[in-house]
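Asks: Just need the structure, nothing else, for what follows:
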Amino acid sequence: MKAIVQSEFGDPAVLRVVEVGDPHLIPTEVLVRVRSIGLNPVEFYIRSGDFKMLGEPPFTLGWDIAGIVEAVSPGVSRFRVGDEVFGMPFFPRAANGYAELVATPARQLARKPANLTFQEAAALPLAGLTAWQSLVDGAGIEAGQRVLIHGAGGGVGHLAVQIAKHFGAYVVGTASAAKHDWLRDLGADEVIDYRTEDFTRAVADIDVVLDCVGAETARASLEVLRPEGTLATVVASYDTALANTVTESGRRFVGIVVEPDRYALEQLAALAESGRLKVHVEQDFPFEDVVKAHEILQRVPKGKIVLSV
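Replies: All right, here's what the predicted structure looks like:
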């Protein structure tokens, strides 16, 4: 089969399509013939060497996949050959998702919503699970709360806007001006242009902040977060100084590292199938154009970037 392998850290040019052996199944796993692969910002940090989550090269990036079950191993009862599935297996361990075939535990997949393309389904797992685990599991979001989402126009952010609205929250997002109308269409009640406006002057009395930007933005968010409110961050999860500052201020700190979660994945699938969750794919690249895809990925696209196999 073909896979995208890198043998050194560096710019997108280190990603190369090569022939490798097919993966072997162990009990409880299924073999997925991949149709589409979702790309995530964490992958360009790993590729460059800035975040050595997978150790030293060579390795194959990728977690978000959507495709068709090609084989099942003993112990698998959830799926049959021919089922359309999607998921985010193994994260944060290597899943070797940039490949034509992926072996994965069956219970880390869900059935692909019938109304989503393979591209849309592949764009959903990591970003959708991050948003769900931040807002639902971490913050315990409730109807009527005021939620501020930093980076609302990105992969995690645009899904978080819709998840928060589904739970009955009043949603404020920060994003560049070009994304404002789109975010309002997704349900955002207010949108702030972070390039020209100071969000600490624009909003107040926030119950939950979801930080998809960085620690300085998270620290500034304490100015608008109510006492006993929750700051959830997906980019400063290991920042102990930030965590201490938040806790000492009388607020809750939730550092999110996304993990495979079949239950939440099925909840996301149900929302998508009902039309209450829309997955935005900014660009779809052929598998062989992974270098171009990573170049776009570094520019903070609107929604998600995918590869089609």
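Asks: What residues of stretch 31-46 count as buried?
Replies: Of all the residues in stretch 31-46, those buried under the rule 16 or more other Cβ atoms under 10 Å are 31-44, 46. The C-beta positions use only the backbone N, C-alpha and C, and glycine is treated the same way.
Asks: Packing partners of the helix or strand harbouring V17?
Replies: Per DSSP states H and E, V17 falls inside strand 16-19. The helices and strands touching strand 16-19, judged by 3 or more Cβ pairs under 8 Å, 6 or more residues apart in numbering; DSSP states H and E, are strand 2-5.
Asks: Identify the residues contacting the strand it packs on?
Replies: Outside strand 2-5, the residues that touch it by Cβ atoms under 8 Å, 6 or more residues apart in numbering are 15-20, 58-62, 96, 98-100, 287, 290.
Asks: Need the buried ones from the residues you listed selected in ChimeraX.
Replies: The ChimeraX selection below is limited to those of these classed as buried (16+ other Cβ under 10 Å):
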select :15,59,60,61,62,96,98,99,100,287,290
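Asks: ok, now which ones touch R146?
Replies: A169, Y170, V172, V203, D205, I206, D207, V208.
Asks: got the phi/psi numbers for S249?
Replies: phi -80, psi 0 (degrees, to the nearest 10).
Asks: ok, now how distant is it from P227?
Replies: For S249, the distance to P227 (Cβ to Cβ, to the nearest Å) stands at 8 Å.
Asks: more crowded one of those two?
Replies: Between S249 and P227, counted using other Cβ atoms under 10 Å, the more crowded position is S249 (14 against 7).
Asks: so the more buried one sits right up against R219, yeah?
Replies: No - the criterion here is Cβ atoms under 8 Å, and S249 misses it with R219 at 10.2 Å.
Asks: Where do the helices of the stretch 201-309 of the chain begin and end?
Replies: Remark: helices assigned in the stretch 201-309 of the chain by DSSP state H, counting those that start in this stretch are 215-221, 240-248, 262-273, 290-297.
Asks: how about the ones you listed, which one is nearest G187?
Replies: helix 262-273 (12.1 Å; Cβ to Cβ).
Asks: So which elements touch that closest one?
Replies: Against helix 262-273 (3+ Cβ pairs under 8 Å, 6+ apart) you get strand 84-87, strand 109-111, helix 125-132, helix 155-166.
Asks: Can you list the low-confidence ranges for the stretch 101-250 of the chain?
Replies: Applying pLDDT under 70 to the stretch 101-250 of the chain flags residues 215.
Asks: what's the closest non-adjacent residue to the residue nearest the centre of the chain?
Replies: Nearest to the geometric centre of the chain sits A127, at 1.6 Å (Cα atoms, centre = their mean). Spatial nearest neighbour of A127, chain neighbours left out: G155 (3.9 Å); criterion: Cβ to Cβ, 6 or more residues apart in numbering.
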